[in-house]
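> For reference, the sequence and a predicted model appear below.
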Amino acid sequence: MKAHLATNGLEKSYRKGKNRVPVLQGVDLEVERGEFVAVVGASGSGKSTMLHVLGLLDAPDAGEVLLNGQRIDSLPDRKRDAHRNGTFGFVFQFYHLLPELTAIENVLMPLMIRHGVLSYLSKRGRFRAEAIELLERVGLGHRLQHTPNELSGGEIQRAAIARSLIGGPSLLLLDEPTGNLDATTGQGVLELLCDLNRERGLTMMMVTHDPQIAARADRIVRLADGRIEEWAPALA
Amino acid sequence: MYKYLLCWRYLRTRYIALASIISVLLGVATMIVVNSVMAGFAEKMRARLHGVLADVIVESFSLDGFQDSDVVMARIQQAAGDEIEAMAPTMELYGLMSIITPSQTINRQVQIIGIKTEERSKTGDFAEFVLDENGKRIKPTFEVSESFRSRSPAGELLQSMDPDDEFFEAMKKRTEEEVPRHGAIVGYALATHHQPGAERDIFLAPMGSKVVITFPSAGRTITARQGAFAVTGFFQSGMSEYDSMHVYVPIEYLQQLRGLEDGKGGGAVNQIQIKAKAGVDINTLSEKVRKAIDPMRPMFFVVRTWEQKQGPLLAAVAIEQSILNILLFFIIAVAGFGILAIFFMIVVEKTRDIGILKALGASTVGIRGIFLGYGLSLGLVGAGVGMAIGLLFVHYINDVEQWLSSLTGHKVFDDSIYYFKEIPTLVEPFTVAWIVGGALLIAVAASVWPAQRAARLHPVQALRND
């Protein structure tokens, strides 16, 4: 059986002034369906970059990204947009909700992007019901009409998780989802993620630098010198 | 879908952007007001010009004109009779008018127009422009009323005299000298002196007073001819050019004085004024008339519509209006740069949001669409509110003028200059549409560059913008 998400010799470097700074230098990774993988590594080791390349937010200089064995990084823009919208769900460290919209509108955003006006409006009732269900699932059933500045950090991150799920993705890409939260709130968010992983069989890939949080994953990999090393959970 | 939602939310939450469209709003409102007022003025002016002139004017190059006006008119009637409502032969020439007051003689350069009042009233609005001393409209006539004579100095003396008095006949002759037998309708500005700030104009030549008009005789060797007339009315069209130049006199007497009468009660005329029936295209009519009479005497007649005859004046107004429009449009263009600057700021501020939207699958086209749509909706708000304000202002312009006048204590719109009781306005829907469309175009054009920049943002760089 093919890996759900795999990479083959991913390379990526950044230009800083006149110098090229290599970040990824041949990343080979395979993630099985339903697996929860934590990526650890020092700051600046390229964890986020790897996540961005995997989620098609950034293009690799070399190598390939495979989804169910199919190469996806070289697809035309429109298809890459569609993958970001439907296949991947993103959760970022800095919450990233749109400040002008209410919690429920933020959650509905991926569906609004996916559908045109008429198509969206015709299915609006069903979409709203789904969004409410998801917000209730993350514990925000009472906060539907609040804007981000009326919500706490933990609540915003929960809303962002609900948003990442509404499009029915098979893969969640989490970039330090608890990094900006206090320990208790972070723990709560992590529990939620683990539950979702179990309930929905979601494949999850979480970047973190906190070994305690990484320990909740099925598998931990370490990114060092632009390459992936397996890391036994026991070592954490 | 998200584009519309975001446009709407940005529109409702970014007040700074709304500030940027105030200039669009003001530009649109100003342009609508200025265009409406200018169109109103032009319309009024055209109406007045047209009121004085008939639709189509046949003139002879020669000032002495032609004797066979009835033949020419019959030919015109035959060629285009069903399109013509009325025709009036007239004699027009230049001369001097002397107003003889007890203390001095005032000479003024005039345009003498010999007419028959009933005929002239049928080819234009002539009858509507004739007033008495009190500004009341009167029936145009050249008939000199006896009351003028009895009110003259000699006439007053005559009343107290015995008809058997040996000087009675001499005094009677004197009254006829003081108040001539023939009447003249004199341009209002010619007969009066307007003192700035004065309540009433001073009449130099009141009703019944004597004016002497000097003009060239007919023929090759021109000599000066003179005729004395009594003022029987004042001509006030509202066009100062006419009101300060025109003197209307009975055509038969003019013909007689110039030596152009035919001895059968008629005489030469140098103009035929033609009024077209309603709905007739005067340009085609003019062409028809020209074709009909030109073969009679080649290179003798000039046939023009009133618009052609007044071409330079009408063109001047049109040029003024278009220059003003160009200048005012710059205001909106400046507003465009305001939108550009503020949009750039908004794009920078929204960099992270753009990154999120891209991460959620929004396309480049979609992101561009948000900002173009935002620009368009700002333009719509600006142009829409501007249009409403402009139209309201035009509608209540005279109330605004009154209010401003009472506020500043002096008249903003001095009606004595234009003879308009109120500021004339004319809202042309096409012009309004053009202004609003232009403003929208500028708003969208100003948002193209920032929108393009937003669309090009790399999602990762946008997300890093913390």
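Everything's here; your move.
> how many neighbours does the residue of chain B found nearest chain A have?
Going by CB to the nearest CB, chain A is nearest to B:G361 of chain B, at 2.4 Å. Any C-beta I mention is one placed from the backbone N, CA and C, and that applies to glycine too. Applying other CB atoms under 10 Å in any protein chain shown, we find 23 residues neighbouring B:G361.
> likewise A:T87?
Neighbourhood size, A:T87 [other CB under 10 Å]: 20.
> does the closest residue to the residue of chain B closest to chain A other than its chain neighbours count as helix, strand or coil?
Spatial nearest neighbour of B:G361, excluding adjacent residues (CB to CB, 6 or more residues apart in numbering or on different chains): A:N85 at 2.4 Å. Three-state call for A:N85 (DSSP: H, G, I helix; E, B strand; the rest coil): helix.
> same deal with the one 4 residues further on?
Secondary structure, three-state DSSP: A:G89 is strand.
> and the nearest residue to it once chain neighbours are set aside, what does it touch?
Once flanking residues are discounted, A:G89 sits nearest to A:S164: 3.2 Å by CB to CB, 6+ apart. By CB atoms under 8 Å, 6 or more residues apart in numbering or on different chains, the contact list for A:S164 reads A:89-91, A:172.
> Scan those residues and report the most crowded one.
Neighbour-wise, these (other CB under 10 Å) top out at A:G89, 29 neighbours.
> wouldn't that one be in contact with A:A160 here?
No. Counting by CB atoms under 8 Å, A:G89 sits too far from A:A160 to count as a contact (9.6 Å).
> what about the strands in the chain?
No chain specified, so I'll use chain A. A:5-16, A:19-31, A:36-40, A:62-67, A:70-71, A:88-91, A:171-175, A:203-207, A:219-224, A:227-231 (DSSP state E).
> my bad, the chain I had in mind was chain B
Using DSSP E, strands in chain B cover B:56-60, B:84-100, B:105-115, B:130-131, B:183-187, B:192-193, B:202-203, B:210-216, B:224-235, B:246-250, B:271-276, B:301-305.
> Can you tell me which of these is most buried?
strand B:183-187 (a mean of 28; mean count of other CB atoms under 10 Å in any protein chain shown).
> A:G9 is nearest to which of the strands of chain B?
strand B:301-305 (85.3 Å; CB to CB).
> And the contacts of the closest one?
B:55-61, B:282-283, B:286-287, B:289-290, B:293-294.
> how about 7 Å then?
Strand B:301-305 has contacts (CB atoms under 7 Å, 6 or more residues apart in numbering or on different chains) with B:55-61, B:282-283, B:286, B:289-290, B:293-294.
> same thing with stretch B:439-456?
Contacts of stretch B:439-456 from elsewhere in the structure, counted by CB under 7 Å, 6+ apart, are B:24, B:27-28, B:332-333, B:336-337, B:339-340, B:343-344, B:347, B:354, B:364, B:367-368, B:371-372, B:374-376, B:378-380, B:382-383.
> and residue 109, what does it touch?
Let's take chain A. Contacts of A:M109 by CB under 7 Å, 6+ apart are A:98, A:163, B:2, B:360.
> Wait, chain B was what I had in mind.
Per CB under 7 Å, 6+ apart, neighbours of B:Q109: B:L96.
> how close does it get to B:V52?
18 Å (CB to CB, to the nearest Å).
> sorry, back to before: please tabulate the strands of chain B in JSON lines and include mean pLDDT as additional columns.
Putting the strands of chain B into JSON lines (pLDDT from 0 to 100) gives the following:
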{"stretch": "strand B:56-60", "mean pLDDT": "90"}
{"stretch": "strand B:84-100", "mean pLDDT": "90"}
{"stretch": "strand B:105-115", "mean pLDDT": "91"}
{"stretch": "strand B:130-131", "mean pLDDT": "88"}
{"stretch": "strand B:183-187", "mean pLDDT": "91"}
{"stretch": "strand B:192-193", "mean pLDDT": "86"}
{"stretch": "strand B:202-203", "mean pLDDT": "85"}
{"stretch": "strand B:210-216", "mean pLDDT": "90"}
{"stretch": "strand B:224-235", "mean pLDDT": "90"}
{"stretch": "strand B:246-250", "mean pLDDT": "92"}
{"stretch": "strand B:271-276", "mean pLDDT": "90"}
{"stretch": "strand B:301-305", "mean pLDDT": "90"}
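> got any ranges where the stretch 151-300 of chain B has weak pLDDT?
B:197 (pLDDT under 70).
> Apply 90 and report the result again.
Applying pLDDT under 90 to the stretch 151-300 of chain B flags residues B:151-182, B:188-210, B:216-223, B:225, B:236-244, B:251-270, B:275-284, B:288-300.
> Residue of chain A nearest chain B, please.
Closest point on chain A to chain B, by CB to the nearest CB, is A:N85, at 2.4 Å.
> any idea which helix is longest in chain A?
When chain A is parsed with DSSP state H, its longest helix is helix A:183-200.
> and the closest residue to A:H96 other than its chain neighbours, how many neighbours?
Leaving out its chain neighbours, the residue that sits closest to A:H96 by CB to CB, 6+ apart is B:I356, at 4.6 Å. Neighbourhood size, B:I356 [other CB under 10 Å]: 24.
> What distance do you get for B:I356 to B:A433?
Applying CB to CB to B:I356 and B:A433 gives a distance of 40 Å.
> For B:R258, grab the count of nearby residues.
If you count neighbours by other CB under 10 Å, B:R258 ends up with 24.
> Quick check: residues of chain A near chain B?
A:52, A:57-58, A:77-78, A:81-82, A:84-85, A:90, A:92, A:94, A:96, A:98, A:100-101, A:105, A:109-110, A:112-117, A:120 (CB under 7 Å from any CB of the partner chain).
> Report the buried members of the residues you listed.
By neighbour count, with 16 or more other CB atoms under 10 Å in any protein chain shown, the residues of chain A next to chain B hold A:52, A:57-58, A:81-82, A:84-85, A:90, A:92, A:94, A:96, A:98, A:100-101, A:105, A:109-110, A:112-115, A:120 as buried.
> Please spell out which residues along stretch B:398-405 are buried.
Buried residues in stretch B:398-405 (16+ other CB under 10 Å): B:400-401.
> Need the CA coordinates for that stretch. PDB is fine.
Output in PDB follows, covering the C-alpha atoms of stretch B:398-405 (Å, rounded to 0.1, in the frame of the first residue of the first chain):
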ATOM      1  CA  ASN B 398     -31.900  78.200  -5.500                       C
ATOM      2  CA  ASP B 399     -32.700  77.500  -1.900                       C
ATOM      3  CA  VAL B 400     -29.000  77.100  -1.300                       C
ATOM      4  CA  GLU B 401     -28.300  80.300  -3.100                       C
ATOM      5  CA  GLN B 402     -30.800  82.100  -1.000                       C
ATOM      6  CA  TRP B 403     -29.400  80.700   2.200                       C
ATOM      7  CA  LEU B 404     -25.800  81.600   1.200                       C
ATOM      8  CA  SER B 405     -27.000  85.100   0.200                       C
END
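> who touches it?
With CB under 7 Å, 6+ apart, stretch B:398-405 has contacts from B:393, B:411-413, B:422-423.
> quick one: pLDDT of the residue nearest to A:G89?
Predicted confidence (pLDDT) for A:S164: 90.
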